[in-house]
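[1] I need the structure of the sequence given here:
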Amino acid sequence: MFRRALSLNGPTDIALTFVDYLSAKNQEAFRYDQLTPESQRLIEEIEQVAKVPVSLMSTRFGERNIIDRRTW
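    Down below sits the predicted model:
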């Protein structure tokens with residue numbers, strides 16, 4: 001289903017929500033390197049399959065709980 005969605009939508013970036021559901025420890029993360037190793041591996045797998053970066057990740061509700069990996 002993920003690959004089908006990729007082919008239909010042609011994304012250039014992915015925003016991943018509810019990263020805190022992968023591990024409760026992710027609720028405290030404000031940077032990518034603070035996510036659990038398992039969460040980082042899953043994000044890297046998503047990027048490999050999609051061939052686009054996961055640029056935004058939310059770790060809790062609130063604007064300060066968004067990890068932004070975009071380079072401006």
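[2] quick check: next helix or strand after the helix ranked longest in the chain?
    Ranked by residue count under DSSP state H, the longest helix found in the chain is helix 37-50. Per DSSP states H and E, the first helix or strand lying C-terminal to helix 37-50 is strand 54-58.
[3] chain center to that next one: distance?
    4 Å (C-alpha atoms, centre = their mean, to the nearest Å).
[4] got the contact list for Ile43?
    16, 35, 54, 57 (C-beta atoms under 8 Å, 6 or more residues apart in numbering). No exception for glycine: its C-beta is placed from N, CA and C like everyone else's.
[5] please redo it, this time with the cut-off set to 6 Å
    Val54 (C-beta atoms under 6 Å, 6 or more residues apart in numbering).
[6] same check, this time on Gln34
    No contacts exist for Gln34 under C-beta under 6 Å, 6+ apart.
[7] can you do 10 Å?
    Neighbouring residues of Gln34 by C-beta atoms under 10 Å, 6 or more residues apart in numbering: 25-26, 28, 40, 59, 67.
[8] separate out the buried members of the residues you listed.
    Buried members of the contacts of Gln34, scored by 16 or more other C-beta atoms under 10 Å, are 26, 59, 67.
[9] how confident was the prediction at the first one?
    Predicted confidence (pLDDT) for Asn26: 95.
[10] is it true that it touches Asp33?
    No - assessed by C-beta atoms under 10 Å, Asn26 is found out of contact with Asp33, at 12.0 Å.
[11] please enumerate the shared neighbours of those two.
    Residues within reach of Asn26 and of Asp33 at once, by C-beta under 10 Å, 6+ apart, are 40, 67.
[12] ok, of the buried ones among the contacts of Gln34, which one's closest to Leu8?
    Nearest to Leu8, judged by C-beta to C-beta, of those is Ile67 at 26.4 Å.
[13] that closest one - that's part of a strand, no?
    Yes - assigned with DSSP: H, G, I helix; E, B strand; the rest coil, Ile67 falls within a strand.
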